[in-house]
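1. I'll drop the sequence and a predicted model, then ask my questions.
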Amino acid sequence: MSVVTKAPDGKVIAFIKGADSSLFKMSKQVCLDKLRNDCNEMASNGLRTLVFGMRELIEPIDLDTL
């Protein structure tokens, strides 16, 4: 699930949440190994995990048409 919002400074930001296996494919490598290890550790303890991410959208977007 994702949501696109406009910050007070005018930047357009997309926030997303979902299963770690899905979002890892879309992520940059920065800190990905630690996050993957943390999720695996929680899963081995029987916990479910959700991952959250965000990205600033650079191209002009008409928020009224989304």
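-> Sure, I can see it.
2. can we go C-alpha only for contacts and neighbour counts from here?
-> Fine.
3. could I get the buried residue list for the helix or strand hosting Asp33?
-> If you go by DSSP states H and E, Asp33 is part of helix 32-44. Within helix 32-44, the residues scored as buried using 16 or more other CA atoms under 10 Å are Cys39, Asn40.
4. just stretch 6-14 next, same as before
-> In terms of neighbour count (16+ other CA under 10 Å), stretch 6-14 has its buried residues at Val12, Ile13.
5. need the residues that contact the worst-scoring helix or strand of the chain on mean pLDDT.
-> For the chain, the helix or strand with the lowest mean confidence is helix 20-24, at a mean of 81 (criterion: mean pLDDT, DSSP states H and E). When contacts are defined by CA atoms under 8 Å, 6 or more residues apart in numbering, helix 20-24 is touched by residues Lys17, Leu32, Arg36, Cys39, Thr49, Leu50, Val51.
6. in this protein, which residue sits furthest out from the middle?
-> The centre of the chain is farthest from one residue, Asn45, which by CA atoms, centre = their mean lies 23.2 Å away.
7. from Ala19, how far off is the spatially most central residue of the chain?
-> Nearest to the centroid of the C-alpha atoms of the chain, with distances taken as CA atoms, centre = their mean, sits Gly53, at 1.9 Å. Applying CA to CA, to the nearest Å, the value for Gly53 to Ala19 is 11 Å.
8. repeat for Asn37
-> Using CA to CA, Asn37 is found at 14 Å from Ala19.
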